[in-house]
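Chemist: mind folding the following:
(2 chains)
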Amino acid sequence: MFTFTVSRVRKGENLMISENPLAELKKECEALLKEATGKLQMAELLKQFAFEKPPVWEFGQLATSACFELAKHVGEKPLVLAQQLVKAMDKAKFQLVKEVSAAGGGYINFHANFEKLSALTLESVRQLDSEYGLVKTEKPKKIIVEHTSVNPLHPIHIGQARNPMLGDAVARMLSARGHKVFRHYYVDDVGRQTAVIAYGYKKLGKPKPAEKPDHFIGKIYTVTSCLVEINRLKKELERAKMVSAEEETAKINRELDDWVSVAFELKQKYPDLFEKLLEKINEDPDPEKSIGELNRAYEAGEEEAKRLIREVSQLCLEGFKETLSRAGVFYDSWDWESDLVWSGLVAEVLQKLRQTPFVTAFGGVLEFEAGKVVEFLDLREKLGLRKDYEVPSLTLVRADGTTLYTTRDIAYTIWKFSKAEKCINVIGMEQSLAQLQLKIALYALGYRDYAENLVHFAYNLVTLPGYKMSSRRGRYITLDEVLDEAIRRAYEEVSKRSPQLSEDEKRKVAEIVGVGAVRYALVEVDPAKPVEFNWDRVINFEKNSAPYIQYTHARACSILRKAARKPERPDYGLLKEKLEQELVFTLAEFPETFIEAVETLKPNLLADYANALADKFNTFYNAFPVIKAEPPELSDARLALVDAVRIVLRNALNLIGITAPERM
RNA sequence: GGGCGGGUAGCCUAGCAAGGAUAGGGCGCAGGCCUCCUAAGCCUGUGGUCGUGGGUUCAAAUCCCACCCCGCCCGCCA
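Modeler: Residues are numbered from 1 along each chain as shown, chains lettered A, B, ... in the order given. Got it, this is the predicted structure:
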């Protein structure tokens, strides 16, 4: 079913073109229906017509079930109404419509006039080229898409990699829609975890990384975190033993066992690093305290802490940039959480929040009572909350005076809204509650408009079949590994299939194909569903994969290259095969698919679309000759069709951040 | 206990917001197709109580209610 029917026709040199050919067809169908209902004095009963795609091609290209609805008002059978409406239509007015029929229990089916629709569609695609399908919005907005924002503690792992792929695709789509899009990376450098890595890094004497910096940082973080945790648990255990709290002792023992086994793993993996950190950390009578102190000093903006933590974070980010740029993901702004703290913005927001009746203090601790806000401002329905559900409170400030993540995020969000009208946060589903509390805080502060333009783009996790990925435990598969492996496999494949390519070309193609495979795999499934990681799924070269679509694109390019001529005198009326007409229709649908994908923020719709188009094209490719088709007017029409498929496949892939190679 | 998300063939997945004609794909499995534009392909076959039970409707995978299973969240973590 479709809703979007906006389109503009403009005059080409000699042929009409349209930025949305399918919408032209719909407009015509709608006009015919309106006229017919008018004639039968039923115009008042139905003003909107929804169109759908009939289940079988032979039924036509568009259908409406309006007569079922109409039948209720008139007391006549749907089929009879459909027949009457069809009869009342003025055939002389048919342009893109060739035939209308009543069918089934009361459908009205519209058959397209492909001689005209093919001409309109193929000319439009080829003239608009890289702009075809990218229908611009009437209301362009400034939009910030915040995505990735992986903490600078360890390399980006495959569980997190879904985020940049989705975020980047969404940003590309919105931008293509005509919005002014800014891609922001929120550098979360404030908090205990950053203090942990900085602490370990300092203990090691701030070593220069001998490998990719984020991998280097990741090792130090994992080992440090593990050792500190064991240290802390041991102390807790002693305390618990002294007061002979048996249940607690047992619990701590279990946790300790867990961490000791992690330590064992880590010692095997990185013996030197492990020994050195163990030695250094043991020198510290209270590592926990040192870390807490470092965290406090950093928030307070003390010079030494600043230098240290920024150095570590920056190091890690260098690694991220390398990985992400390889995957084709870039940012317009890197926003440091610490800057928000130091600039006083966080304090300012806290001050304002304190003045609302929704914040209470006990000791130094500040609590934000989100539930109260919901009642007071009557937000329940607006936020889609159940009637008895009480939103939990949110701690804004710790007893030691430091702030918490969501508190800073409130300040950050307000800052973002000073630069944009809409903010989309690509953040995992597990943070839904925090994102809700954040939104409620905006309402509490009187930023109603911000709250309503804040979107939490939630996505589900990527899981490993055996165990849970855990960055703290150093159990993860990095995005780098996955990309390397994908490119390696792609290289093998290219070498096997296209030995004639130069070494340089093979490498380039392998890169494009490998990266594409990974991006596609992470974007293709509904973000709400979890993805179970396995190599064959993420590095798939068969149907329903980026390589498959890329291959199809390369095949189209190959035909055009071999033809070595432009389609000078195409006769689109000769495109009489069902497959050809289905291809044309699919191409005509692209603009509406694009609009729907952007408006609903569903990049997977574009992945599905591209895959479906590739399927049809391959079937066509297998069934009919193009270059040698006779007569030449048919050959030319088919060449134009191939060219249009090439353009649309490329445009669709580009929107989700995948490059379409011309050979592979 | 409460909240959120998910449940569609052996496995993975589309469709669900705006209910409509025969629930699309892919993997797997069984078979077939390269003197012809790239076989990363194409064709044929195989496989479905759309989690369960009620309800609304001329019509339910889709809407409503109840329940079951899985995941996540309910931190002075992020």
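Chemist: which residues touch A:Phe620?
Modeler: A:Glu577, A:Leu579, A:Glu580, A:Leu583 (C-beta atoms under 8 Å, 6 or more residues apart in numbering). Where C-beta positions appear, they are placed from N, C-alpha and C, glycine not excepted.
Chemist: over to A:Gln95?
Modeler: Residues near A:Gln95 by C-beta under 8 Å, 6+ apart: A:Glu28, A:Asn113, A:Lys116.
Chemist: ok, those vs RNA strand B, which is closest?
Modeler: Closest approach to RNA strand B among those (C-beta to the nearest atom of the strand): A:Glu28, at 17.1 Å.
Chemist: ok so the closest one is a strand residue?
Modeler: No: going by DSSP: H, G, I helix; E, B strand; the rest coil, the assignment for A:Glu28 is helix, not a strand.
Chemist: which pLDDT value goes with it?
Modeler: At A:Glu28, the pLDDT value in this model is 95.
Chemist: do the same with A:Thr5
Modeler: 40.
Chemist: pLDDT below threshold where in the stretch 451-600 of chain A?
Modeler: Counting by pLDDT under 70, the low-confidence segments of the stretch 451-600 of chain A come to A:466-468.
Chemist: number of nearby residues for A:Val74?
Modeler: A:Val74 has 16 neighbours, counted by other C-beta atoms under 10 Å.
Chemist: confirm for me that it is in contact with A:Leu81.
Modeler: Yes: the pair A:Val74 / A:Leu81 is scored as a contact, 6.6 Å apart, by C-beta atoms under 8 Å.
Chemist: how is chain A partitioned into domains?
Modeler: A:9-112, A:192-327 (automatic domain parsing).
Chemist: pick out the shakiest of those, pLDDT-wise.
Modeler: Looking across the domains of chain A, the weakest by mean pLDDT turns out to be domain A:9-112, at a mean of 88.
Chemist: list the contacts for A:Tyr491?
Modeler: A:Lys506, A:Arg507, A:Ala510, A:Gly514.
Chemist: which of the residues you listed sits closest to A:Glu375?
Modeler: The shortest approach to A:Glu375 among the contacts of A:Tyr491 belongs to A:Gly514, at 53.0 Å (C-beta to C-beta).
Chemist: now do the residue nearest to A:Ile220 when sequence neighbours are not counted: how many residues are near it, please.
Modeler: Closest residue to A:Ile220 apart from its sequence neighbours, by C-beta to C-beta, 6 or more residues apart in numbering: A:Gly200 at 4.7 Å. The local packing of A:Gly200 (other C-beta under 10 Å) involves 27 other residues.
Chemist: thought A:Gly200 was touching A:Leu277?
Modeler: Yes: the criterion here is C-beta under 8 Å, and A:Gly200 meets it with A:Leu277 at 6.0 Å.
Chemist: shared neighbours, these two?
Modeler: Shared contacts of A:Gly200 and A:Leu277, counting by C-beta under 8 Å, 6+ apart, come down to A:Ile220, A:Val223, A:Thr224.
Chemist: and the strands in the stretch 401-550 of chain A?
Modeler: Assigned by DSSP state E, counting those that start in this stretch, the strands in the stretch 401-550 of chain A fall at A:422-428, A:454-459, A:462-463, A:531-532.
Chemist: right, I mislabeled it, should have said the stretch 201-350 of chain A
Modeler: With DSSP E, counting those that start in this stretch as the criterion, the stretch 201-350 of chain A has strands spanning A:333-336.
Chemist: mind listing the helices for the stretch 301-450 of chain A?
Modeler: Listed in chain order, the helices of the stretch 301-450 of chain A (DSSP state H, counting those that start in this stretch) span A:303-326, A:337-342, A:345-355, A:370-377, A:405-417, A:432-444, A:448-452.
Chemist: mind giving me the packing neighbours of the fifth one?
Modeler: Counting by 3 or more C-beta pairs under 8 Å, 6 or more residues apart in numbering; DSSP states H and E, the packing neighbours recorded for helix A:405-417 are helix A:337-342, helix A:345-355, strand A:394-397, strand A:422-428, helix A:432-444, helix A:448-452.
Chemist: one more: the first one?
Modeler: Packed against helix A:303-326, as judged by 3+ C-beta pairs under 8 Å, 6+ apart, are the following elements: helix A:192-203, helix A:213-242, helix A:287-299, helix A:337-342, helix A:479-497.
Chemist: show me the one of those that comes nearest A:Leu649.
Modeler: Between A:Leu649 and the helices and strands packed on helix A:303-326, the shortest gap by C-beta to C-beta is with helix A:479-497, which sits at 18.3 Å.
Chemist: how far off centre is that closest one?
Modeler: The chain centre lies 23 Å from the centre of helix A:479-497; the measure is C-alpha atoms, centre = their mean, to the nearest Å.
Chemist: for stretch A:623-643, same thing?
Modeler: For stretch A:623-643, the distance to the chain centre is 37 Å (C-alpha atoms, centre = their mean).
Chemist: what's next to it, contact-wise?
Modeler: Contacts of stretch A:623-643 with the rest of the structure, by C-beta under 8 Å, 6+ apart, involve A:118, A:122, A:125-126, A:556, A:559-560, A:562-563, A:565-572, A:574-575, A:577, A:579-580, A:583-584.
Chemist: which of those count as buried?
Modeler: Buried by 16 or more other C-beta atoms under 10 Å: A:118, A:122, A:125-126, A:556, A:559-560, A:563, A:567, A:570-572, A:574-575, A:579-580, A:583-584, out of the contacts of stretch A:623-643.
Chemist: show me which of the residues you listed neighbour RNA strand B.
Modeler: A:Ile559 (C-beta under 7 Å from any atom of the strand).
Chemist: now, the buried ones among the contacts of stretch A:623-643 that are in strands?
Modeler: Under the assignment DSSP state E, these contribute nothing to strands.
Chemist: hmm, back to that, of the contacts of A:Tyr491, which is the nearest to A:Asp388?
Modeler: A:Gly514 (50.8 Å).
Chemist: now do the contacts for that closest one.
Modeler: Counting by C-beta under 8 Å, 6+ apart, A:Gly514 makes contact with A:Leu483, A:Ala486, A:Ile487, A:Arg488, A:Arg489, A:Ala490, A:Tyr491, A:Ile539.
Chemist: excluding chain neighbours, what is closest to the second one?
Modeler: Pointing back at A:Ala486 there. The spatially closest residue to A:Ala486, leaving aside those adjacent along the chain, is A:Gly514, at 3.7 Å (C-beta to C-beta, 6+ apart).
Chemist: and of the domains of chain A, who's closest to RNA strand B?
Modeler: That would be domain A:9-112 among the domains of chain A, by C-beta to the nearest atom of the strand, at 2.8 Å.
Chemist: near RNA strand B at all, that closest one?
Modeler: Yes: using C-beta under 7 Å from any atom of the strand, domain A:9-112 reaches RNA strand B at A:50, A:52, A:54-56, A:59-60, A:63, A:65, A:68-69, A:72, A:103-105, A:107, A:109.
Chemist: which ones among those residues are found in helices?
Modeler: A:Phe68, A:Glu69, A:Lys72 (DSSP state H).
Chemist: and the residues you listed as JSON lines, adding neighbour count?
Modeler: Below are those laid out as JSON lines (neighbours: other C-beta atoms under 10 Å):
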{"residue": "A:Phe68", "neighbour count": "17"}
{"residue": "A:Glu69", "neighbour count": "17"}
{"residue": "A:Lys72", "neighbour count": "10"}
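Chemist: and those residues as JSON lines, adding distance to A:Thr402?
Modeler: Listed next are these as JSON lines, based on distance: C-beta to C-beta, whole Å:
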{"residue": "A:Phe68", "distance to A:Thr402": "62"}
{"residue": "A:Glu69", "distance to A:Thr402": "60"}
{"residue": "A:Lys72", "distance to A:Thr402": "63"}
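Chemist: residues touching A:Ile156, list them.
Modeler: Contacts for A:Ile156 (C-beta under 8 Å, 6+ apart) come out as A:Thr148, A:Val150, A:Pro164, A:Asp214, A:Phe320, A:Thr323, A:Leu324, A:Thr478, A:Leu479, A:Asp480.
Chemist: please identify the most buried of the helices and strands packed on helix A:303-326.
Modeler: Among those, ranked by average contacts under mean count of other C-beta atoms under 10 Å, first place goes to helix A:192-203 (a mean of 23).
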